[in-house]
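K.L.:
what follows is a predicted protein model with its sequence.
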Amino acid sequence: MNTTIFDFVGDNVGEWKVTSMIALKGESIEPVSHIKKISSSLVPSNKGIWTLKGIVSNLRYTEKEDKDNLVAIQEDLGRSEATLAAFIPIRKSEAWWNLAQDERRKIMENKSQHTQTGMKYLPAIARKLFHSRDIGEPFDFLTWFEYAPADAAAFEELLNALRKTEEWSYVDREIDIRLVRM
């Protein structure tokens with residue numbers, strides 16, 4: 001398995017300026033004015049006001065056909081026109097994690113249609129999921145989205161659609177952090 005580790009450092013300096021930071025569920029984290037995303041290691045770091053660590057790992061609920069479709073149309077992060085971003089740390093409830101993997105997949109894909117919903121907004125909205133639960137972090141997932149200002153309304157549609165699903169009823173902590181590239 002190929003894993004890449006990243007630190008998301010909230011501080012008073014960084015490549016992305018925070019434009020809003022809202023705790024939608026659960027407790028917030030300390031407000032910051034900037035975030036930087038840096039390649040890292042599992043070694044604990046004390047950088048910035050806070051640091052959240054995540055790893056890029058294998059796709060855990062995605063079947064081959066969906067993966068092939070995603071790879072064919074999804075853009076990479078770092079596109080010059082994608083000057084807006086959203087960093088959304090999420091933790092799911094113990095009830096979610098007590099479900100068997102096949103039960104979680106049924107909720108995500110069969111009922112909530114997570115992948116199909118996201119694919120409607122590709123390639124305009126680039127996304128990367130970072131796993132944190134298995135490395136002892138306070139969130140289960142760190143999701144990073146990048147998009148152009150012209151696609152901001154589409155991004156809001158995507159989030160609204162996902163947040164209305166059964167899957168999202170299992171989220172017990174979510175912070176929505178919006179950013180603009182400096």
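P.N.:
Perfect, thanks for sending it. Bear in mind the structure is a predicted one, so any value in this text is a computation, not a measurement.
K.L.:
what is the least confident helix or strand in the protein?
P.N.:
The least trusted helix or strand in the chain, going by mean pLDDT, DSSP states H and E, turns out to be helix 64-73, with a mean of 66.
K.L.:
next secondary structure element downstream of it?
P.N.:
Sequence-wise, the next helix or strand downstream of helix 64-73 (DSSP states H and E) is strand 84-92.
K.L.:
report the distance from that next one to the chain centre.
P.N.:
Its chain's average C-alpha position is 4 Å from that of strand 84-92, according to Cα atoms, centre = their mean, to the nearest Å.
K.L.:
what comes into contact with the next helix or strand after it?
P.N.:
Following strand 84-92 in sequence order, the next helix or strand is helix 94-97 (DSSP H and E). Residues from elsewhere that reach helix 94-97 (Cβ atoms under 8 Å, 6 or more residues apart in numbering): 104, 133, 170. Quick note: C-beta positions are derived from backbone N, CA and C, even for glycine.
K.L.:
now the longest helix along the chain: buried residues?
P.N.:
In the chain, with assignment by DSSP state H, the single longest helix is helix 152-163. Counting neighbours by 16 or more other Cβ atoms under 10 Å, one finds that the buried residues in helix 152-163 are 155, 158-159, 161-162.
K.L.:
would you turn those residues into TSV with distance to residue 149?
P.N.:
Shown next, in TSV, are the buried residues of helix 152-163 (distance: Cβ to Cβ, whole Å):
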residue	distance to residue 149
155	10
158	15
159	16
161	20
162	21
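K.L.:
centre of the chain to the helix or strand that the longest helix of the chain is followed by, how far?
P.N.:
Note on helix 152-163: by DSSP H and E, the next helix or strand toward the C-terminus is strand 171-181. Strand 171-181 has its C-alpha centroid displaced from the chain centroid by 8 Å (Cα atoms, centre = their mean).
K.L.:
OK, contacts around residue 127?
P.N.:
Counted by Cβ under 8 Å, 6+ apart, residue 127 has contacts 74, 118, 143-146.
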